[in-house]
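Colleague: Here is my input; please provide its structure:
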Amino acid sequence: MYKLFSWSIIPVAILYLVSCSSQKKPTGVQEITITVKADETIVVNDEVISIDTLVDKLQALGISEETHVKMQVDGDVEMGSVQKVQEILRSRDAAKVSYSIKLM
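Modeller: As a prediction, this is how the structure comes out:
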C-alpha cells in the first residue's frame, strides 16, 4: 500500500514543478513614481519630462499591468492634468496605481 501511494504522488509533484517553472516571469520595471507638479511638469523616477513624452518614457521603462505606479500630485494641480496622466497609464495597461496628494 505504501509503495503504491508514493508512486502516485510522483506524477503530481512533477506536474507542480513544471507549472511553477513555466509561469510568466515579470518583465520591465516593477515600480515607478510619477509626480504631477503644479506647473504641469511631470517627473518620472526623478526625471523631468513633459506630458507629450510620457508615453515614450513609459514604453522605454517597459511598464506592464504588474507594474506598481505611485502617482504623487501637488495639491493645486488641475484635475485635467491628472486625468491626462491617468489616460496614458490606462493605455499602457497600468492597473496598479496608488495616489497621494502633496498639500502645500
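Colleague: residue contacts, A94?
Modeller: Contacts for A94 (C-beta atoms under 8 Å, 6 or more residues apart in numbering) come out as 58, 63-65, 67, 69. (Glycine included, C-beta is placed from N, CA and C.)
Colleague: which of those residues lies closest to V44?
Modeller: L58 (7.7 Å; C-beta to C-beta).
Colleague: ok, so what distance separates the nearest residue to V69 once chain neighbours are set aside from Q30?
Modeller: Spatially, and ignoring its direct neighbours in sequence, V69 is nearest to V97 (4.6 Å; C-beta to C-beta, 6 or more residues apart in numbering). Distance, V97 to Q30, using C-beta to C-beta, to the nearest Å: 14 Å.
Colleague: quick revisit: just the buried residues of the contacts of A94.
Modeller: For the contacts of A94, a burial check counting by 16 or more other C-beta atoms under 10 Å picks out 58, 63-64, 67, 69.
Colleague: mind listing which of those residues are in helices?
Modeller: If you go by DSSP state H, the buried ones among the contacts of A94 have L58 in helices.
Colleague: how about the buried ones among the contacts of A94 in CSV, adding pLDDT and distance to K102?
Modeller: What follows is these, written out as CSV (pLDDT from 0 to 100; distance: C-beta to C-beta, whole Å):
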residue, pLDDT, distance to K102
L58, 93, 22
I63, 89, 23
S64, 88, 27
T67, 92, 22
V69, 95, 16
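Colleague: backbone phi and psi for S98, please?
Modeller: Main-chain dihedrals, S98, degrees, to the nearest 10: phi -120, psi 150.
Colleague: which residues pair with it across the strands?
Modeller: According to DSSP bridges, the partner residues bridging S98 are K70.
Colleague: And the strands in this protein, which stretches?
Modeller: 31-36, 42-44, 47-49, 68-74, 96-102 (DSSP state E).
Colleague: any idea which of those scores lowest on pLDDT?
Modeller: For these, mean pLDDT drops lowest on strand 96-102, to a mean of 91.
Colleague: May I have it exported as CSV, CA atoms only?
Modeller: Output of strand 96-102 as CSV, limited to C-alpha atoms (Å, rounded to 0.1, in the frame of the first residue of the first chain):
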residue,chain,number,x,y,z
LYS,A,96,-1.8,49.1,-10.0
VAL,A,97,-1.9,52.8,-9.4
SER,A,98,-1.8,54.4,-6.0
TYR,A,99,-2.3,58.1,-5.4
SER,A,100,-1.1,60.7,-2.9
ILE,A,101,-1.6,64.4,-2.7
LYS,A,102,1.1,66.8,-1.6
